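Asks: here's my sequence, what's the structure:
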Amino acid sequence: MADRITWYDILGIAQGASLETVQFAYQAKSKQLHDYGIAAAPPDVALAAARGQKAVDAAWLILGDRAQRERYDEQIGVTRPGAGLASSGPAASRARSGMLDAAAEALYAAGDDLGLGILEGLAVLSGLLAAIPAPRHRADRKPVTVPDVRGLFFRACQDALTMVGFRVRIVRLTANPMPVEGLVVGQSPVAGQTVPRSSALTVEVWHPPYLPAHGQ
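Replies: You can find the predicted model right below:
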């Protein structure tokens, strides 16, 4: 059973992706986040874009290095190309620490508190997802701590929250959005609250708006 979000999900790629694909996805996500975080963006969008950049940077730190990626794949139990999220079991349990250690060490050395906050949020998601019973019962209302999903692209956010057992509600913030993946810039309940596992979590999703052509 898939039981946690991975660095592959952060970049939106399959686990069997080539290094060139990993690099392309990282560059594409970085460019998109840069466009989201431009000076004209609302403050909450710029902050979410900065958080998102830390997440994709951490993913590239692991997946862009052959040795780091091989260790990570072993930890999360990759067994075939194209698999989605990591499997359960002892290897997956070890991944809760292994998936974050190298990135956290680098960010700590750089004094990057925002980056460490992103990793802490992903660690919360990892821990929550690892606690899902097998099989998971939808009626299970065991309390869980709300993770901070701001800065995640919507698909990765939705996958993670759905697996935990949250019901995801979407508030689209852009009236005339461009056809690109949205960025989560707000949430309710806020991170850190304790709620039943089957609770609804509302995420505010922002897309860059279409801009009128010059002279129109």
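Asks: give me the below-cutoff pLDDT ranges for this protein.
Replies: When residues are selected by pLDDT under 70, those of the chain lie in 1-4, 79-141, 212-216.
Asks: all strands of it, in order?
Replies: Here the chain has its strands, by DSSP state E, at 143-145, 167-172, 183-188, 194-196, 200-206.
Asks: mind listing the helices for the chain?
Replies: Secondary structure of the chain (DSSP state H): helices located at 7-11, 19-36, 43-63, 66-76, 90-109, 113-130, 154-164.
Asks: and the second one with strand 200-206, angle?
Replies: It stands for helix 19-36. If you take axes from the mean of the first three to the mean of the last three CA atoms, to 10 degrees, helix 19-36 sits at 80 degrees to strand 200-206.
Asks: nearest to Arg66 among the strands of the chain would be which one?
Replies: strand 183-188 (29.8 Å; CB to CB). The C-beta positions use only the backbone N, C-alpha and C, and glycine is treated the same way.
Asks: helices and strands around that closest one, which ones?
Replies: helix 43-63, helix 154-164, strand 200-206 (3 or more CB pairs under 8 Å, 6 or more residues apart in numbering; DSSP states H and E).
Asks: could I get these as TSV with distance to Lys31 and mean neighbour count?
Replies: Formatted as TSV, these follow (distance: least, CB to CB, whole Å; neighbours: other CB atoms under 10 Å):
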stretch	distance to Lys31	mean neighbour count
helix 43-63	10	21
helix 154-164	17	20
strand 200-206	16	19
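Asks: which one of those lies closest to Ile170?
Replies: strand 200-206 (5.7 Å).
Asks: neighbouring strands for that closest one, and are they parallel or not?
Replies: strand 167-172 (parallel), strand 183-188 (antiparallel) (DSSP bridges).
Asks: buried deepest among the strands of the chain, which one?
Replies: strand 183-188 (a mean of 21; mean count of other CB atoms under 10 Å).
Asks: got the angle for that one vs helix 154-164?
Replies: Between strand 183-188 and helix 154-164, the angle comes out at 40 degrees (the same axes, to 10 degrees).
Asks: now Leu61: how far from Pro189?
Replies: Shown here: Leu61 relative to Pro189, a distance of 31 Å by CB to CB, to the nearest Å.
Asks: just to revisit the earlier point, Leu173: which of the helices and strands packed on strand 183-188 is closest?
Replies: That would be strand 200-206 among the helices and strands packed on strand 183-188, by CB to CB, at 4.6 Å.
Asks: ok, residues contacting that closest one?
Replies: By CB atoms under 8 Å, 6 or more residues apart in numbering, the residues outside strand 200-206 that reach it are 36, 42, 45, 48, 146, 149, 154, 157, 161, 166-174, 182-189.
Asks: the same query, at a cut-off of 7 Å, please.
Replies: Strand 200-206 is contacted by residues 45, 146, 149, 154, 157, 161, 166-174, 182-189 when judged by CB atoms under 7 Å, 6 or more residues apart in numbering.
Asks: can you say which of the helices and strands packed on strand 183-188 is nearest to Met178?
Replies: Closest to Met178 of the helices and strands packed on strand 183-188 is strand 200-206 (CB to CB; 10.8 Å).
Asks: ok, which of the strands paired with strand 200-206 comes nearest Val22?
Replies: Closest among the strands paired with strand 200-206, using CB to CB: strand 183-188, at 20.5 Å.
Asks: run the angle between the closest one and helix 43-63 for me.
Replies: Going by the same axes, to 10 degrees, strand 183-188 makes 120 degrees with helix 43-63.
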